[in-house]
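[1] sequence and predicted model, in that order:
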There are 2 protein chains.
Amino acid sequence: MLPSDQLDRISVVLVSPRNPLNIGAVARAMANFGLSQLTAVAPFEPHWREARSAVGAESLLQNARSTQCLAEAVRQCTLVLGTGTLAHRKPEQRVVQLPELAPLVGDELEHGGRVALLFGPEKHGLTRDDLSYCHLLVEIPTHPSQPSMNLGQAAAVCLYELSTRVPAPAPASPVKQDPPATSGSLDALADLIEQTMVAANYSPRLMRPANRHDLGLLLRRLNLRPADLRRALGLFRRILWRLSARAKPNHLPK
Amino acid sequence: MLPSDQLDRISVVLVSPRNPLNIGAVARAMANFGLSQLTAVAPFEPHWREARSAVGAESLLQNARSTQCLAEAVRQCTLVLGTGTLAHRKPEQRVVQLPELAPLVGDELEHGGRVALLFGPEKHGLTRDDLSYCHLLVEIPTHPSQPSMNLGQAAAVCLYELSTRVPAPAPASPVKQDPPATSGSLDALADLIEQTMVAANYSPRLMRPANRHDLGLLLRRLNLRPADLRRALGLFRRILWRLSARAKPNHLPK
């Protein structure tokens, strides 16, 4: 099993969970495999309250966070993993089978990153918009005749795989590499590029949501390090300022 | 994933399951990972009926067997695996960690064997008597602070491990080895040896249950092939006949 300082950098994020039994089951599986960081995004309040009073994983549920939106839940994370069946959709990012996931997560933890494992609501799973926050999609290899797993069982299977197969970090890694860029900093860059696109009149208003979606996916694919990000932020701030200055010549930036 | 003729030789046995939701969850996990053979030992009838009408794994539950005793449930099996936490007991047979189990199961299937994976009742798990039918104990590596897993989640984790990591059989294995001895044939030999012990006045009456327990464990440890078994049965039948003949000289065997 991974040392606890590594396990504490893997969080489970439940997007709009409904069934308190399922929330309790996810928390139980987390406790079974030594994880402690649980976040619920926009949970249905009465059920969330009910789940938090369930037996078996009390302190974990008491310490669980809830956030209004997914962006906020994964802000500090550097590798966001979406789960779910891909039977009915064409994935927009790289898909990794669960048995091949451990080395990727191990690498991320070794570089100081934080990993989030996302589970969607019981009925329909993660939406396309939720998935736009994901660097990778994880697929549990299930049988074609019954591909869809129960939430608590899917979580147990994923956490078992990570807790038993993520390689423990090398004892001494003297050259500390830059940690990867966080989801929040990628969102900040995406905001800035989006503003730049608007300022440059790049695309008609109707196309903006689609462009923003693609931009989020693109940035997550690039494997940017914080130094790359600082450079890109600097460049786009500059461009935006010049574009704004052109549009409103009497408006000087502070 | 394993071919279905191999998956069909792995069965799940629930010993005295109580909660219909858990039975349904186990059936769902089996369907997710392509298994079809479910047996319930002495289930609580109303709950078993209720579970069988649950949605999600209908045909699997409709075709599930129920038996009066564990011996009957695993009679045809050649490798019986007990699951559960070992926190409070000293195991009487070899313990294998779940991540190391797949090669053993693969080997058994390749030799034509049948594998049973046993789960005990929710409250206390498999009893010492249940475990006496097991060749091996399987432990899911969980965190010491919360070692005990929910039944449906434990089943999902075990079946995920087997379905993804048991090696597919070699395409052509020309030398067909004898399949391993079944649990039922080991019980038959144990019965005969027990009768022999009684006939030989080997141990006081009070010790007989303990001796029988140890005998069951011993025979499962020996890795007997059917030919070994036939020889042992023949020998003990002969011994028993001679002992009985001595005890009752006027009683001639047919």
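    Received the coordinates, thanks.

[2] quick one: buried residues of stretch A:210-227?
    Going by neighbour count (16 or more other CB atoms under 10 Å in any protein chain shown), the buried part of stretch A:210-227 is A:211, A:212, A:213, A:215, A:216, A:217, A:219, A:220, A:224, A:225. No exception for glycine: its C-beta is placed from N, CA and C like everyone else's.

[3] now tell me what touches it from outside.
    Residues from elsewhere that reach stretch A:210-227, judged by CB atoms under 8 Å, 6 or more residues apart in numbering or on different chains: A:80, A:92-94, A:128-129, A:132-135, A:178-181, A:185-187, A:189-190, A:193-194, A:197, A:202-203, A:228, A:232.

[4] neighbours of the closest residue in space to residue A:110 that isn't next to it in sequence, how many?
    Nearest residue to residue A:110, sequence neighbours excluded (CB to CB, 6 or more residues apart in numbering or on different chains): residue A:169, at 5.0 Å. Residues lying near residue A:169 (other CB atoms under 10 Å in any protein chain shown) number 16.

[5] tell me the SS of residue A:169?
    coil (DSSP: H, G, I helix; E, B strand; the rest coil).

[6] wait, it touches residue A:5, no?
    No: taking CB atoms under 8 Å as the definition, residue A:169 is not a contact partner of residue A:5, at 9.2 Å.

[7] which one of the buried residues of stretch A:210-227 sits closest to residue A:118?
    Each of the buried residues of stretch A:210-227 was checked against residue A:118 using CB to CB; the closest is residue A:220, at 12.9 Å.

[8] any low-confidence regions in the stretch 51-200 of chain A?
    For the stretch 51-200 of chain A, the stretches flagged by pLDDT under 70 are A:54-57, A:86-89, A:171-177.

[9] I'd say residue A:73 and residue A:80 touch.
    No: using CB under 8 Å, residue A:73 makes no contact with residue A:80, being 9.4 Å away.

[10] overlap in contacts, the two.
    Both residue A:73 and residue A:80 are in contact with residue A:116, where contact means CB under 8 Å, 6+ apart.

[11] tally of neighbours for the nearest residue to residue A:85 once chain neighbours are set aside?
    Excluding the flanking residues, the one nearest residue A:85 by CB to CB, 6+ apart is residue A:147, at 4.7 Å. A count of nearby residues for residue A:147, using other CB under 10 Å, gives 17.

[12] can you tell me how far residue A:148 sits from residue A:83?
    11 Å (CB to CB, to the nearest Å).

[13] more neighbours, these two?
    Taking other CB under 10 Å, residue A:148 and residue A:83 do not tie; residue A:83 has more neighbours (23 against 16).

[14] the more buried one pairs with what?
    residue A:138 (DSSP bridges).

[15] surely it touches residue A:153?
    No: applying CB under 8 Å as the test, residue A:83 and residue A:153 come out as separate, 11.8 Å apart.

[16] how about the residues of chain A that lie near chain B?
    Applying CB under 8 Å from any CB of the partner chain, we find that chain A lies next to chain B at A:1, A:25, A:28-29, A:31-34, A:56-57, A:98-99, A:140-143, A:145-150, A:152-154, A:156-157, A:160-161, A:163-165.

[17] quick one: buried ones out of those?
    Buried by 16+ other CB under 10 Å: A:25, A:28-29, A:31-34, A:57, A:98, A:140-143, A:146-150, A:152-154, A:156-157, A:160-161, A:163-165, out of these.

[18] restricted to helices, list those.
    A:25, A:28-29, A:31-32, A:152-154, A:156-157, A:160-161, A:163-165 (DSSP state H).

[19] from the residues you listed, which two are the most distant?
    Farthest apart among those - using CB to CB - are A:25 and A:165, which lie 21.6 Å from each other.

[20] could you find the closest non-adjacent residue to residue A:70?
    residue A:41 (5.1 Å).

[21] which parts of chain A are helices?
    Under DSSP H, chain A gives helices at A:4-7, A:20-32, A:45-52, A:58-62, A:70-73, A:102-110, A:128-131, A:151-165, A:183-199, A:208-221, A:226-247.

[22] could I get those as JSON lines with distance to residue B:15?
    JSON lines is the format used below for the helices of chain A (distance: least, CB to CB, whole Å):
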{"stretch": "helix A:4-7", "distance to residue B:15": "32"}
{"stretch": "helix A:20-32", "distance to residue B:15": "21"}
{"stretch": "helix A:45-52", "distance to residue B:15": "30"}
{"stretch": "helix A:58-62", "distance to residue B:15": "29"}
{"stretch": "helix A:70-73", "distance to residue B:15": "41"}
{"stretch": "helix A:102-110", "distance to residue B:15": "32"}
{"stretch": "helix A:128-131", "distance to residue B:15": "40"}
{"stretch": "helix A:151-165", "distance to residue B:15": "20"}
{"stretch": "helix A:183-199", "distance to residue B:15": "46"}
{"stretch": "helix A:208-221", "distance to residue B:15": "47"}
{"stretch": "helix A:226-247", "distance to residue B:15": "54"}
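
[23] nearest to residue B:62, of those?
    helix A:151-165 (21.0 Å).

[24] gap between the closest one and the chain center?
    Counting by CA atoms, centre = their mean, to the nearest Å, helix A:151-165 is centred 17 Å from the centre of its parent chain.

[25] for stretch A:92-104, same thing?
    With CA atoms, centre = their mean as the basis, the mean position of stretch A:92-104 lies at 14 Å from the chain mean.

[26] give the buried residues for stretch A:97-105.
    Neighbour counts over stretch A:97-105 (16+ other CB under 10 Å) mark A:98, A:101, A:102, A:104, A:105 as buried.
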